[in-house]
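Novice: The sequence isn't on hand, but the structure is:
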């Protein structure tokens, strides 16, 4: 009886450890968010006095499980009492505001909004509204790369909707908004990125890497990084030309890895890919971990009715 009680306690301990490890991993994945890339065409609100220019997406189906995130890239010059707003709506309900912008941000910026829980499992619409008053003198609001993603309990992103306006024709209407395009003069892609950091390490240790790229037109740049272990970072930025960013990464298993880094300017031109060879020597499994693994297998084979 004592042996059976001891084995039962060990089984509970192993299960708790397994659950705790999974919970930490899921939480880490949940905090990760993949920012979106910037392309050439975009939707522009237009300018003028006493406007209420709106653009609305179609209904988008969502699941009941997992947080929902709305991401979009935008720039704006919204002055005085004028305002730029984002709303969501489910069928039969009133519109609910989830974001608002005023002032000036001339650079393309990615903003992400976590949608309220009551929208989960519903078919939702997203509305972009630009409101002006008398004597409005701002340059309006430009929006690009709209993404709606839902994060599953396993930490994976499910793409529900995307709109990058590349299929539109310049001058075409999107609601009250107009599809536009910046003038590009002799644009050149960024130089191949520089990446500096440790080339050797140990499993489960975090390492710091410095990444930069020079853009011949002095445009801001974005970086995508493939760590060689089925993990990647998608279009981090915007980053000033020739400015470094610091990114940390952990390889969980020993092996030889090739890190690949690519840069992209605000108009979508891609650089050459830079690589860095990483060596993470494999570590021998300790006698304790081997013993726990064998003991876990024995408990499972003898008491599988508990599972």
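Specialist: Cool, got the structure. Predicted model, so just to flag it, every value in this text is computed and none were measured.
Novice: Burial check on residue 278, number of neighbours?
Specialist: 22 (other Cβ atoms under 10 Å). Glycine gets a C-beta too; all of them are placed from N, C-alpha and C.
Novice: does it belong to a helix or a strand, and which?
Specialist: Using DSSP states H and E, the element containing residue 278 is strand 274-280.
Novice: which helices and strands does that strand pack with?
Specialist: Judged by 3 or more Cβ pairs under 8 Å, 6 or more residues apart in numbering; DSSP states H and E, strand 274-280 is in contact with strand 194-196, strand 255-265.
Novice: To residue 82, which of those lies closest?
Specialist: Of all the helices and strands packed on strand 274-280, strand 255-265 sits nearest to residue 82, with 29.7 Å by Cβ to Cβ.
Novice: What residues sit buried inside the host helix or strand of residue 234?
Specialist: Residue 234 belongs to strand 232-239 when elements are defined using DSSP H and E. By 16 or more other Cβ atoms under 10 Å, the buried positions in strand 232-239 come out as 233, 235, 236, 237, 238, 239.
Novice: In the stretch 51-200 of the chain, where is pLDDT below threshold?
Specialist: Within the stretch 51-200 of the chain, the set of residues satisfying pLDDT under 70 comprises 183-185.
Novice: just the strands in it please.
Specialist: Remark: strands assigned in the stretch 51-200 of the chain by DSSP state E, counting those that start in this stretch are 52-56, 60-61, 68-78, 83-90, 96-101, 103-114, 123-131, 140-151, 157-163, 173-174, 177-181, 194-196.
Novice: Just tell me which of those ends up closest to residue 280.
Specialist: Nearest of the strands of the stretch 51-200 of the chain (Cβ to Cβ): strand 194-196, 16.5 Å.
Novice: ok so, going back, could you give the mean pLDDT of the strand holding residue 278?
Specialist: Average pLDDT, strand 274-280: 95.
Novice: Name the residues of that strand that come out as buried.
Specialist: For strand 274-280, by 16+ other Cβ under 10 Å, it's 274, 276, 278, 280.
Novice: Save the helices and strands packed on strand 274-280 as a markdown table, and put in distance to residue 118 and mean neighbour count too.
Specialist: Shown next, in a markdown table, are the helices and strands packed on strand 274-280 (distance: least, Cβ to Cβ, whole Å; neighbours: other Cβ atoms under 10 Å):
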| stretch | distance to residue 118 | mean neighbour count |
| --- | --- | --- |
| strand 194-196 | 44 | 16 |
| strand 255-265 | 37 | 20 |
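Novice: Kindly reformat those strands as TSV containing distance to residue 139.
Specialist: As requested, these are exported to TSV (distance: least, Cβ to Cβ, whole Å):
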stretch	distance to residue 139
strand 194-196	35
strand 255-265	22
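Novice: Residue 259 versus residue 272, what's the distance?
Specialist: 15 Å (Cβ to Cβ, to the nearest Å).
Novice: oh, I was asking about residue 273
Specialist: Taking Cβ to Cβ, one finds residue 273 at 10 Å from residue 259.
Novice: before we move on, what about residue 63?
Specialist: According to Cβ to Cβ, residue 63 and residue 259 sit 34 Å apart.
Novice: Then residue 139?
Specialist: As judged by Cβ to Cβ, residue 139 and residue 259 stand 40 Å apart.
Novice: same thing with residue 122?
Specialist: The gap separating residue 122 from residue 259 is 41 Å, by Cβ to Cβ.
Novice: And residue 40, by the same measure?
Specialist: 29 Å.
Novice: Assumed residue 202 was part of a strand.
Specialist: No - counting by DSSP: H, G, I helix; E, B strand; the rest coil, residue 202 is not part of a strand but coil.
Novice: from what I can see it touches residue 280, true?
Specialist: Yes - using Cβ atoms under 8 Å, residue 202 is in contact with residue 280, at 6.7 Å.
Novice: List the contacts of residue 276.
Specialist: Neighbouring residues of residue 276 by Cβ atoms under 8 Å, 6 or more residues apart in numbering: 195, 197, 199, 209, 258, 259, 261.
Novice: Specify which member of those is nearest to residue 111.
Specialist: For those, the residue nearest residue 111 by Cβ to Cβ is residue 261; the value is 24.8 Å.
Novice: so what's that closest one scoring on pLDDT?
Specialist: For residue 261, pLDDT reads 97.
Novice: go on, residue 212?
Specialist: We have a pLDDT of 96 for residue 212.
Novice: Which residue is the nearest non-sequential neighbour of it?
Specialist: With Cβ to Cβ, 6 or more residues apart in numbering as the criterion, residue 212 has its nearest non-adjacent residue at 4.5 Å, and that residue is residue 244.
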